[in-house]
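[1] I'd like to go over a predicted model; first the sequence, then the structure.
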Amino acid sequence: MARFDVLGIGNAIVDVLARVEDGFLSRHDMRKGGMALIDADAAASIYAAMPPGIESSGGSAANTCAVAAGMGARVAYLGKVADDELGTVFRHDITAAGVAFPSAPLVGGAPTARCLVLVTPDGQRTMNTFLGACTSFGPGDVDPALVAEADVLYLEGYLFDPPAAQAAFQRAAAAAHAAGRRVALSLSDAFCVDRHRAAFRDLVRGAVDILFANETEITSLYEANSFEAAMEAARGDVGLAALTRSEAGSVIVQGTETIVVAAAPCAVVDTTGAGDAYAAGFLAGLAAGSGLAVCGKLGSLAAAEVIGRVGARPEKALRGLVAAPSPGA
């Protein structure tokens, strides 16, 4: 039996969330709903202009890991933080969420990463990310023995930018498959896909068993004219794909099977982390032995819990959502 249900690898980031009007985005030349990589100077400038907000540990895969742990899954996480105040905040938060975090801190390098998240009145989030210490994550930070102890290795597309991180992904995926484990990938953002489309497609075809993506990301990956065309391309590349479509719910494809899952009803307050939470619910369902339809429903319920509040994680653990259904459920 594996020691962990999920091992996540991603950008270890401290999130700073604040509510703003649309005019704030216009004044700072931000694309609403998108994610931009910024340097240290821009991070300082935007942070100074932001109204008071909420600071907490974040990062896409870290959010997924925290939510999955709150749903009862056994979870570990690898990511690089600095030996600084924000690094301490990140380590405290993720371990308090029940996630093992064995990564050693970076000493004497870039500071811990931070993501400045602007939430507009319609619930859309616009992210500006300074990667800092994250960019130092490389193959040496991947422990093959730890990878072998997790049923599913979960990789975050946001981390794919630096060449060293791409090499780390390949090392981790190879270790997982050598141990008979599955590899899951979240495409994270169309911005990431646009920058590394060919490399992502090679990774998906050659190393990924479970693919998570939203409608924009999957159509970008395959440069498809429709969601349906992109879905069929994904069906041919991976054994299992869970594709989210906002209020239209999600579609799960495995072989010739197609499962449509309705979105869980909720009031949209902040969409930050919705995709991360969906992946968490889905993976927690897999860990509990649920069928794919139940996994998709758990993903939708977890996403709804996140969307209904400010921030990328639920206010409470969601253990009550996950049962151990019969294998055919």
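    Arrived safely.
[2] contacting residues around the residue nearest to the spatial centre of the chain?
    Relative to the mean C-alpha position of the chain, the nearest C-alpha, by C-alpha atoms, centre = their mean, is the one of residue 60, at 3.2 Å. Neighbouring residues of residue 60 by C-beta atoms under 8 Å, 6 or more residues apart in numbering: 10-11, 156-158, 186, 188, 273, 275-276. Placement of C-beta: from N, CA and C, glycine included.
[3] now do residue 231
    218, 241, 243, 251, 253.
[4] you'd agree the first one is up against residue 230?
    Put plainly, it is residue 218. Yes - if you go by C-beta atoms under 8 Å, residue 218 and residue 230 touch, sitting 4.4 Å apart.
[5] Compare these two and say which is more crowded by neighbours.
    Between residue 218 and residue 230, counting by other C-beta atoms under 10 Å, residue 218 is the more crowded of the two (26 against 23).
[6] that's a helix at that one, yeah?
    Yes - the assignment for residue 218 is a helix, going by DSSP: H, G, I helix; E, B strand; the rest coil.
[7] Quick check: closest non-adjacent residue to residue 19.
    Nearest residue to residue 19, sequence neighbours excluded (C-beta to C-beta, 6 or more residues apart in numbering): residue 119, at 5.1 Å.
[8] tell me the pLDDT at the closest residue in space to the residue nearest to the centre of the chain that isn't next to it in sequence?
    The spatial neighbour of residue 60 that comes closest, neighbours along the chain excluded (C-beta to C-beta, 6+ apart), is residue 156 at 4.6 Å. For residue 156, the model assigns a pLDDT of 95.
[9] And for residue 156, the neighbour number?
    29.
[10] Phi and psi next, for it.
    Residue 156 adopts backbone torsions of phi -100, psi 130, taken as degrees, to the nearest 10.
[11] first to last residue in stretch 131-140, what's the distance?
    End-to-end distance for stretch 131-140: 19 Å, by C-alpha to C-alpha, to the nearest Å.
[12] pLDDT on that stretch, on average?
    Stretch 131-140 comes out at a mean pLDDT of 92.
[13] May I see the buried residues of it?
    131-138 (16 or more other C-beta atoms under 10 Å).
[14] neighbouring contacts of it?
    Contacts of stretch 131-140 (C-beta under 8 Å, 6+ apart): 9, 11-13, 37, 40, 59, 78-82, 87, 106, 109-114, 159, 161-162, 164-165, 167-168, 171.
[15] what's the pLDDT at residue 6?
    So, for residue 6, pLDDT stands at 98.
[16] I meant to write residue 324 there.
    43.
[17] now swap in residue 327 and tell me
    Reported pLDDT for residue 327: 39.
[18] quick revisit: where do the contact lists of residue 218 and residue 230 overlap?
    residue 224.
[19] can you give me the helices in the protein?
    22-27, 40-49, 60-70, 85-96, 144-147, 163-178, 190-195, 197-207, 215-221, 227-237, 274-287, 292-307 (DSSP state H).
[20] closest one to residue 257 among those helices?
    Comparison of these against residue 257 by C-beta to C-beta identifies helix 292-307 as nearest, at 7.5 Å.
[21] same question for the closest one, mean pLDDT?
    94.
[22] can you give me how far it is from the chain middle?
    14 Å (C-alpha atoms, centre = their mean, to the nearest Å).
[23] Show the buried residues in the contacts of stretch 131-140.
    Buried, going by 16+ other C-beta under 10 Å: 9, 11-13, 59, 78-82, 87, 106, 110-114, 159, 161, 165, 168, 171, out of the contacts of stretch 131-140.
[24] Would you quantify the distance from residue 136 to residue 65?
    Here the criterion is C-beta to C-beta, to the nearest Å. By it, residue 136 lies 20 Å from residue 65.
[25] again with residue 171
    From residue 171 to residue 65 the distance is 19 Å (C-beta to C-beta).
[26] where does this protein dip in pLDDT?
    310-312, 315-317, 323-329 (pLDDT under 70).
[27] Recalculate using a threshold of 80.
    Counting by pLDDT under 80, the chain has low-confidence residues at 1, 161, 270-272, 310-321, 323-329.
[28] circling back to that earlier point, right, and the pair among the buried residues of stretch 131-140 with maximum separation?
    Across the buried residues of stretch 131-140 (C-beta to C-beta), the longest gap, 14.9 Å, separates 132 and 138.
[29] returning to what we had before: any chance of the buried residues of stretch 131-140 in a markdown table, plus distance to residue 26?
    What follows is these, written out as a markdown table (distance: C-beta to C-beta, whole Å):
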| residue | distance to residue 26 |
| --- | --- |
| 131 | 25 |
| 132 | 27 |
| 133 | 31 |
| 134 | 28 |
| 135 | 30 |
| 136 | 34 |
| 137 | 34 |
| 138 | 38 |
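[30] closest to residue 33 among the residues you listed?
    Looking across those and measuring by C-beta to C-beta, the closest to residue 33 is residue 131, at 20.0 Å.
[31] Could I get the contacting residues of residue 75?
    Counting by C-beta under 8 Å, 6+ apart, residue 75 has contacts 4-8, 65-66, 68-69, 98-100.
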